[in-house]
Structure formats: structure tokens, C-alpha cells
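Peer 1: give me coordinates for this.
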Amino acid sequence: MNWSYVLEGNVEKFPDKEAVIFEGRRLTYKQLGERVDGLAQGLRQLGLRRGDIVAMLLLNCSEYLEVTFAVNKLGAVWLPMNYRLAGPEVTYILNHSEAKMLISEKEFEPLIQGIRKDIPGGVGEL
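Peer 2: Predicted structure coming up:
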């Protein structure tokens, strides 16, 4: 199932209803849909295509939903990774999944820099 279709339906039916409430941040379905569309467009411009695998190394955050929906919208495959993984575990997953991109956050920059040399061909990183 492509979850972006569910979001699109809810944007049409409930544009002003709250879709996300997280740590004081609130987004309506319309706002979430706009953010997802913008992210999907940016990912497309970076070269992401249908069927590509996108690894996600994120903490629990509202952006996690946005990335999931945006990746689905493009027909790509999202690969959620546990943020508690150690470098060798992240390396193993990235090397064996053939991920085209890794979406992460600043907190994981030292981990990613530490394993970059162990990922043949590299992984595009946001």
C-alpha cells in the first residue's frame, strides 16, 4: 500500500483537521500535505526514483512522518532504521539494502562520518 494515497485523501476530506501533534508542534492535513509535497519534489530533484531505497535514521519526530509519506509519494521504498544502532550495524544495513539515500539528522553526523569509508559507492545523505 502506498501511504501517500491515504494522506492525499485526508487532505481532501479534512484539510483543516489536525493530523500531527508532537511536542507542541501542530500540523493540519493540508499543512502536512504541503510539507510532504515539497519534500517529495526536493527528493525527486536529488535524483530519487520509483523503486529506490531510502534509509531513514531519525529520532522520534514529526519529520519521520513527512519523510515516510514523501518517499512513498515517489514510489520509492522507505527503510526505517533504529536510531540506537551502532556504526557497524548501520554499515551492514546500508551495504546490504542497496539504499540510494540516507535521510538523517545532525545528531547522527559523527556516526555517519565514522562509517562513510565503509560504504562502497557511498549513500547520498541529507
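Peer 1: residues in contact with Trp78?
Peer 2: With contact taken as CB atoms under 8 Å, 6 or more residues apart in numbering, Trp78 is in contact with 54, 56, 67-68, 71-72. C-beta coordinates here come from the backbone N, C-alpha and C atoms, glycine included.
Peer 1: kindly report the same for Arg50.
Peer 2: Per CB under 8 Å, 6+ apart, neighbours of Arg50: 74-76.
Peer 1: from these, pick the one nearest Met101.
Peer 2: Distance to Met101, by CB to CB, is smallest for Ala76 among the contacts of Arg50, at 8.4 Å.
Peer 1: ok, now how distant is the closest one from Tyr29?
Peer 2: 22 Å (CB to CB, to the nearest Å).
Peer 1: so what's Arg49 up against?
Peer 2: Arg49 neighbours (CB under 8 Å, 6+ apart): 74-76.
Peer 1: longest single helix anywhere in the protein?
Peer 2: The residue-count maximum for a helix in the chain (DSSP state H) belongs to helix 29-45.
Peer 1: what does that helix rub up against?
Peer 2: For helix 29-45, using CB under 8 Å, 6+ apart, the contacting residues are 4, 7-8, 10-11, 14-20, 27, 54, 65-67, 69-71, 73-74, 76, 101.
Peer 1: now, which of those lie within helices?
Peer 2: Using DSSP H, the contacts of helix 29-45 in helices are 4, 7-8, 10-11, 65-67, 69-71, 73.
Peer 1: among those, which has the minimum pLDDT value?
Peer 2: Within those, pLDDT reaches its minimum at Ser4, with 84.
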